[in-house]
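> pasting a predicted model and its sequence here:
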Amino acid sequence: MINIEKLLKEMSPIIDESIEKYIPKSYDKNSLISTTGIPRYDYHLGAVNKTIAEPIWDFLNREGKRWRPVLMLLVCEALGGDPKNLLDFVIIPEVIHNGTLMIDDIEDSSELRRGKPCTYKIFGLDVAINAGNAMYYLPLLILHKNRNKFSAETMNKIYEIYVQEMVNISFGQAMDIAWHKGLANTDEITEQQYLQMCAFKTGTLARMSAKIGAVLVGANDGTVENIGKLAENVGVAFQIQDDILNLTGEEFAERKGGPGEDITEGKITLMVINALNKATPENKKELMDILKMHTTDQNLRNRAIEIIKQCGSIEYAKDFAKRIVEDSWSEVNKLLPESEAKDKLKAFAYYLIDRKI
């Protein structure tokens, strides 16, 4: 049996080593020159380390799952490539992902991230915003530094993927913010609109990971798109499972400050949409009223969770997540030759929707 948790733990230090190659834990003049070029005047190393290196590594050291880089390597291997040749590129989705979380915490006024105070709580809003934004662009160094190792056509495809997915992730976040801030009519949000938000917000970095991996091993355009679709659905399913765990997972909730943080945020999830479609008029109004309160009262959070459970919406979300992964895997299954790498990729996809944290 393939142990995905063991694989993730084994790969995590290797991925961190690749990240440190481009974003050192402490900059010196040589690493700054490599990052920004030869200065016209002089660098102030202390300032850079206090506001870039320290907050970024404080965040990265909080034991994230690193599953997006592993997905890229598994796609590469399943398509017959050598994952060792892609180790520099795996940091692209991982650094961007952590940058988005750093900014998300500010936008959501969150208190905790992975069991510790959010970056902006430790380093300040200004430092966290700047560091998070830097994490969107620092991975471009990988493309610049490796431009002579691949054809111009290959590198152009990767740039196109990078740019398009960064646009998508911003639009997905915009939709999510509008919904939980009450800037749009949340009573009318459909399941299809929710899924598109997830495809943009959470699916995009999974899709980026898989497509870059496929492009780098020379896969044709059709294969790249189908692999990307599988990864997108894995990302969406991952988000659905995240939402489920936020309401029901004990260890997950403990790291978030209690079950139902999403209720406090007023977050519209697949479960909420399904519950609003099934609930009695009285329960529908009560659920919407609680979501609009942005309350931290655990009794009210629990009441909202109770309504969602009564509607069978948690089971509905679990089944939905599993189904979209199964459907997209059936397409990719035809494209990949039988191999241990293919088996690992399949096990990985299902692990992300069965995890408990």
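Received, thanks. Numbering: from 1, shown residues only.
> so how far is residue 191 from residue 330?
From residue 330 across to residue 191, the span is 22 Å (Cβ to Cβ, to the nearest Å). Every C-beta, even on glycine, is put in place using the N, C-alpha and C of the backbone.
> which residue of this protein lies farthest from its centroid?
Farthest-out residue of the chain from its mean C-alpha position, per Cα atoms, centre = their mean: residue 41, at 38.2 Å.
> how about that residue, secondary structure?
Per DSSP: H, G, I helix; E, B strand; the rest coil, the secondary structure class of residue 41 is coil.
> need the contact list for it.
For residue 41, the contact set (Cβ atoms under 8 Å, 6 or more residues apart in numbering) is empty.
> repeat that for residue 298.
258-260.
> count of neighbours near residue 15?
Using other Cβ atoms under 10 Å, residue 15 has 22 neighbouring residues.
> ranges for the strands of the stretch 1-150 of the chain?
Here the stretch 1-150 of the chain has its strands, by DSSP state E, counting those that start in this stretch, at 112-113, 116-117.
> out of those, which gets the lowest mean score?
With a mean of 90, strand 112-113 has the lowest mean pLDDT of these.
> list the strands paired with it, with their directions.
strand 116-117 (antiparallel) (DSSP bridges).
> any residues touching the partner strand, and which ones?
Strand 116-117 is contacted by residues 62, 111, 122 when judged by Cβ under 8 Å, 6+ apart.
> from these, which has minimum pLDDT?
residue 111 (89).
> could you measure that residue against residue 291, distance?
The gap separating residue 111 from residue 291 is 19 Å, by Cβ to Cβ.
> can you get me a residue count around residue 187?
Neighbours of residue 187 under the rule other Cβ under 10 Å: 8.
> that one contacts residue 288, correct?
Yes - using Cβ atoms under 8 Å, residue 187 makes contact with residue 288 at a distance of 6.9 Å.
> can you list residues touching both of these two?
Contact criterion Cβ under 8 Å, 6+ apart; residues shared by residue 187 and residue 288: residue 276.
> before we move on, back to that, got CSV for the contacts of strand 116-117, with neighbour count too?
Output for those, formatted as CSV (neighbours: other Cβ atoms under 10 Å):
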residue, neighbour count
62, 15
111, 14
122, 14
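> noted, bye for now.
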